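Novice: Here's a sequence, model it:
(2 chains)
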Amino acid sequence: ETGVTQSPTHLIKTRGQQVTLRCSSQSGHNTVSWYQQALGQGPQFIFQYYREEENGRGNFPPRFSGLQFPNYSSELNVNALELDDSALYLCASSLTGPGDTQYFGPGTRLTVL
Amino acid sequence: AQRVTQPEKLLSVFKGAPVELKCNYSYSGSPELFWYVQYSRQRLQLLLRHISRESIKGFTADLNKGETSFHLKKPFAQEEDSAMYYCALTGSGGGADGLTFGKGTHLIIQP
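Specialist: Down below sits the predicted model:
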(Lines give C-alpha, C1' and ligand atoms only; values in the text may rest on other atoms or scores of the structure.)
Protein backbone atom coordinates (compact mmCIF):
# COMPACT_ATOMS: atom_id res chain seq x y z
CA GLU A 1 0.00 0.00 0.00
CA THR A 2 1.45 3.36 -1.06
CA GLY A 3 1.33 6.19 1.44
CA VAL A 4 0.39 9.82 0.84
CA THR A 5 2.92 11.61 -1.34
CA GLN A 6 3.35 15.32 -1.97
CA SER A 7 5.28 17.34 -4.53
CA PRO A 8 7.39 19.32 -4.64
CA THR A 9 9.31 18.92 -1.39
CA HIS A 10 10.45 22.53 -1.30
CA LEU A 11 9.44 25.61 -3.23
CA ILE A 12 10.54 29.24 -3.27
CA LYS A 13 8.26 31.93 -4.72
CA THR A 14 8.08 35.70 -4.62
CA ARG A 15 5.25 37.81 -3.31
CA GLY A 16 2.34 38.12 -5.75
CA GLN A 17 3.08 34.88 -7.59
CA GLN A 18 0.85 31.86 -7.79
CA VAL A 19 1.72 28.31 -6.67
CA THR A 20 0.29 24.83 -7.14
CA LEU A 21 1.04 22.03 -4.70
CA ARG A 22 0.19 18.41 -5.42
CA CYS A 23 -0.86 15.43 -3.36
CA SER A 24 -1.43 11.78 -4.17
CA SER A 25 -3.75 10.09 -1.70
CA GLN A 26 -3.13 6.74 -0.14
CA SER A 27 -4.52 3.97 -2.35
CA GLY A 28 -8.31 3.68 -2.07
CA HIS A 29 -8.78 6.88 -0.05
CA ASN A 30 -11.60 9.17 -1.23
CA THR A 31 -11.13 12.15 1.07
CA VAL A 32 -8.26 14.62 1.10
CA SER A 33 -7.64 17.53 3.44
CA TRP A 34 -5.05 20.31 3.26
CA TYR A 35 -3.40 21.99 6.22
CA GLN A 36 -1.01 24.90 6.64
CA GLN A 37 1.60 24.62 9.38
CA ALA A 38 3.52 27.77 10.23
CA LEU A 39 6.75 27.49 12.19
CA GLY A 40 6.12 26.60 15.83
CA GLN A 41 2.40 26.11 15.28
CA GLY A 42 0.08 23.17 14.87
CA PRO A 43 -1.41 22.45 11.45
CA GLN A 44 -4.37 24.66 10.45
CA PHE A 45 -7.21 23.27 8.37
CA ILE A 46 -7.54 24.87 4.91
CA PHE A 47 -10.19 22.73 3.22
CA GLN A 48 -11.34 19.20 2.52
CA TYR A 49 -12.48 17.37 -0.61
CA TYR A 50 -14.70 14.31 -0.60
CA ARG A 51 -15.31 12.52 -3.89
CA GLU A 52 -14.16 15.57 -5.90
CA GLU A 53 -16.36 18.09 -4.07
CA GLU A 54 -15.21 20.62 -1.48
CA ASN A 55 -17.17 19.71 1.65
CA GLY A 56 -15.46 21.76 4.34
CA ARG A 57 -13.33 24.87 4.62
CA GLY A 58 -11.34 26.54 7.35
CA ASN A 59 -10.70 30.23 7.88
CA PHE A 60 -8.66 30.85 4.73
CA PRO A 61 -9.33 33.46 2.01
CA PRO A 62 -10.62 32.51 -1.47
CA ARG A 63 -7.16 32.86 -2.97
CA PHE A 64 -6.60 29.40 -1.47
CA SER A 65 -8.37 26.99 -3.78
CA GLY A 66 -8.20 23.32 -4.58
CA LEU A 67 -9.18 20.45 -6.79
CA GLN A 68 -9.63 16.73 -6.33
CA PHE A 69 -9.39 14.50 -9.39
CA PRO A 70 -11.23 11.25 -10.23
CA ASN A 71 -8.22 9.25 -9.07
CA TYR A 72 -8.51 11.19 -5.77
CA SER A 73 -5.22 13.01 -6.20
CA SER A 74 -5.45 16.67 -5.28
CA GLU A 75 -4.03 20.14 -5.85
CA LEU A 76 -3.80 23.19 -3.62
CA ASN A 77 -3.53 26.50 -5.47
CA VAL A 78 -2.59 29.74 -3.81
CA ASN A 79 -2.87 33.02 -5.76
CA ALA A 80 -1.30 36.39 -4.98
CA LEU A 81 1.20 34.94 -2.55
CA GLU A 82 1.95 36.88 0.62
CA LEU A 83 4.96 36.61 2.91
CA ASP A 84 2.75 35.04 5.60
CA ASP A 85 1.95 32.14 3.27
CA SER A 86 5.44 30.79 3.99
CA ALA A 87 4.74 27.51 5.77
CA LEU A 88 4.70 23.73 5.54
CA TYR A 89 1.65 22.55 3.60
CA LEU A 90 0.35 19.15 4.58
CA CYS A 91 -2.01 16.91 2.72
CA ALA A 92 -3.94 14.13 4.49
CA SER A 93 -6.17 11.43 3.06
CA SER A 94 -8.70 9.13 4.67
CA LEU A 95 -10.26 5.88 3.59
CA THR A 96 -13.98 6.05 4.06
CA GLY A 97 -14.83 9.70 4.42
CA PRO A 98 -14.30 12.89 6.38
CA GLY A 99 -14.69 11.39 9.86
CA ASP A 100 -12.13 8.64 9.36
CA THR A 101 -8.49 8.59 10.49
CA GLN A 102 -6.38 10.90 8.37
CA TYR A 103 -3.01 9.82 6.95
CA PHE A 104 -0.56 12.65 6.39
CA GLY A 105 1.96 13.25 3.67
CA PRO A 106 5.47 14.57 4.32
CA GLY A 107 4.53 18.13 3.37
CA THR A 108 5.71 20.81 0.96
CA ARG A 109 7.82 23.61 2.42
CA LEU A 110 6.83 26.90 0.72
CA THR A 111 8.97 29.99 1.16
CA VAL A 112 7.65 33.32 -0.09
CA LEU A 113 10.24 36.08 -0.52
CA ALA B 1 -15.10 28.64 17.85
CA GLN B 2 -13.37 25.38 18.57
CA ARG B 3 -9.95 25.50 20.14
CA VAL B 4 -7.29 23.10 21.42
CA THR B 5 -4.79 24.21 24.03
CA GLN B 6 -1.58 22.43 24.88
CA PRO B 7 -0.07 24.48 27.71
CA GLU B 8 3.41 22.95 27.59
CA LYS B 9 5.61 23.77 24.64
CA LEU B 10 8.35 21.52 25.96
CA LEU B 11 8.30 18.65 28.44
CA SER B 12 11.43 16.87 29.56
CA VAL B 13 11.31 13.73 31.72
CA PHE B 14 13.71 10.94 32.57
CA LYS B 15 13.44 7.47 31.12
CA GLY B 16 11.18 5.31 33.29
CA ALA B 17 9.32 8.27 34.76
CA PRO B 18 5.59 8.83 34.17
CA VAL B 19 4.57 11.19 31.39
CA GLU B 20 1.47 13.36 31.12
CA LEU B 21 0.93 15.70 28.17
CA LYS B 22 -1.92 18.09 28.81
CA CYS B 23 -4.66 18.98 26.35
CA ASN B 24 -7.72 21.13 26.93
CA TYR B 25 -10.34 21.91 24.36
CA SER B 26 -13.33 24.14 23.78
CA TYR B 27 -16.17 23.00 21.58
CA SER B 28 -19.90 23.53 21.93
CA GLY B 29 -20.98 20.04 20.86
CA SER B 30 -19.55 16.54 21.17
CA PRO B 31 -16.09 16.52 19.64
CA GLU B 32 -13.94 13.63 18.63
CA LEU B 33 -10.46 13.87 20.16
CA PHE B 34 -7.15 12.61 18.83
CA TRP B 35 -3.47 12.56 19.64
CA TYR B 36 -1.08 12.76 16.69
CA VAL B 37 2.69 12.25 16.98
CA GLN B 38 5.61 13.28 14.82
CA TYR B 39 8.90 11.49 15.39
CA SER B 40 12.11 13.06 14.14
CA ARG B 41 12.25 13.10 10.33
CA GLN B 42 8.91 11.31 10.04
CA ARG B 43 5.45 12.43 9.03
CA LEU B 44 2.60 13.24 11.33
CA GLN B 45 0.74 10.07 12.32
CA LEU B 46 -2.21 9.12 14.48
CA LEU B 47 -1.29 7.87 17.95
CA LEU B 48 -4.76 7.30 19.33
CA ARG B 49 -8.36 8.52 19.21
CA HIS B 50 -10.73 8.59 22.13
CA ILE B 51 -13.54 6.57 20.56
CA SER B 52 -11.32 3.52 20.06
CA ARG B 53 -10.25 3.48 23.72
CA GLU B 54 -7.03 1.73 22.72
CA SER B 55 -3.65 1.85 24.37
CA ILE B 56 -0.99 2.52 21.76
CA LYS B 57 2.72 2.15 22.61
CA GLY B 58 1.68 2.24 26.27
CA PHE B 59 -0.08 5.61 25.92
CA THR B 60 -3.65 6.18 27.04
CA ALA B 61 -5.90 9.22 27.02
CA ASP B 62 -9.21 9.72 28.77
CA LEU B 63 -11.77 12.21 27.60
CA ASN B 64 -13.02 14.26 30.55
CA LYS B 65 -16.03 16.21 29.33
CA GLY B 66 -16.48 18.01 32.64
CA GLU B 67 -12.98 19.45 32.53
CA THR B 68 -12.89 19.50 28.68
CA SER B 69 -9.55 17.70 28.78
CA PHE B 70 -7.90 14.85 26.90
CA HIS B 71 -4.55 14.40 28.60
CA LEU B 72 -2.11 11.81 27.23
CA LYS B 73 -0.42 9.55 29.77
CA LYS B 74 2.20 6.86 29.91
CA PRO B 75 3.34 5.26 33.17
CA PHE B 76 6.96 4.62 32.17
CA ALA B 77 8.59 6.80 29.51
CA GLN B 78 10.99 5.29 26.98
CA GLU B 79 13.64 7.10 24.96
CA GLU B 80 11.83 6.31 21.71
CA ASP B 81 8.85 8.34 22.96
CA SER B 82 10.80 11.54 22.28
CA ALA B 83 8.75 13.36 19.63
CA MET B 84 6.35 16.21 18.94
CA TYR B 85 2.82 15.49 20.17
CA TYR B 86 -0.29 17.25 18.91
CA CYS B 87 -3.75 17.08 20.40
CA ALA B 88 -6.55 17.58 17.87
CA LEU B 89 -10.31 17.57 17.65
CA THR B 90 -12.93 17.35 14.97
CA GLY B 91 -16.51 18.44 15.41
CA SER B 92 -19.76 16.58 15.18
CA GLY B 93 -20.15 17.41 11.48
CA GLY B 94 -18.75 14.09 10.36
CA GLY B 95 -15.22 15.46 10.11
CA ALA B 96 -15.93 17.93 7.30
CA ASP B 97 -14.64 20.73 9.49
CA GLY B 98 -11.22 19.10 9.47
CA LEU B 99 -8.97 18.71 12.46
CA THR B 100 -8.26 21.56 14.85
CA PHE B 101 -4.79 21.11 16.30
CA GLY B 102 -3.06 22.48 19.36
CA LYS B 103 0.39 24.03 19.02
CA GLY B 104 2.06 20.82 20.12
CA THR B 105 4.28 19.67 22.97
CA HIS B 106 7.84 18.63 22.35
CA LEU B 107 8.52 15.64 24.59
CA ILE B 108 12.13 14.84 25.39
CA ILE B 109 12.96 11.65 27.25
CA GLN B 110 16.35 11.86 28.92
CA PRO B 111 18.37 8.70 29.48
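Novice: isn't there a strand covering residue B:80?
Specialist: No. Secondary structure assignment (DSSP: H, G, I helix; E, B strand; the rest coil) places residue B:80 in helix, not in a strand.
Novice: buried ones in stretch B:84-103?
Specialist: By neighbour count on 16 or more other C-beta atoms under 10 Å in any protein chain shown, the buried set for stretch B:84-103 is B:84-91, B:95-102. C-beta: built from backbone N, CA, C; applies to glycine.
Novice: what's the burial count for residue A:34?
Specialist: Neighbours of residue A:34 under the rule other C-beta atoms under 10 Å in any protein chain shown: 26.
Novice: which residues does it bridge with?
Specialist: On the basis of DSSP bridges, residue A:34 is bridged to residue A:47, residue A:91.
Novice: Now for it: which residues touch it?
Specialist: Taking C-beta atoms under 8 Å, 6 or more residues apart in numbering or on different chains, we find residue A:34 in contact with A:23, A:45, A:46, A:47, A:48, A:66, A:74, A:76, A:89, A:90, A:91, A:92.
Novice: Tell me the residues on chain A that lie near chain B, please.
Specialist: A:3-4, A:33, A:35, A:40-48, A:50, A:55-56, A:58, A:90, A:94, A:97-107 (C-beta under 8 Å from any C-beta of the partner chain).
Novice: circling back to that earlier point, output the contacts of residue A:34 as a markdown table; include the columns neighbour count and pLDDT.
Specialist: Below are those laid out as a markdown table (neighbours: other C-beta atoms under 10 Å in any protein chain shown; pLDDT from 0 to 100):
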| residue | neighbour count | pLDDT |
| --- | --- | --- |
| A:23 | 26 | 97 |
| A:45 | 22 | 95 |
| A:46 | 23 | 97 |
| A:47 | 21 | 95 |
| A:48 | 28 | 93 |
| A:66 | 22 | 96 |
| A:74 | 26 | 96 |
| A:76 | 25 | 98 |
| A:89 | 24 | 98 |
| A:90 | 26 | 98 |
| A:91 | 29 | 97 |
| A:92 | 28 | 95 |
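Novice: what residue ranges in chain A are flagged as low confidence?
Specialist: Across chain A, the ranges flagged by pLDDT under 70 are A:1-2, A:97-99.
Novice: on that earlier part again, okay, among the buried residues of stretch B:84-103, which ones form the most distant pair?
Specialist: Taking C-beta to C-beta as the measure, the buried residues of stretch B:84-103 span a maximum distance of 26.2 Å, between B:84 and B:96.
Novice: ok, residue A:7 - how many residues close by?
Specialist: Neighbour count for residue A:7, taken as other C-beta under 10 Å: 13.
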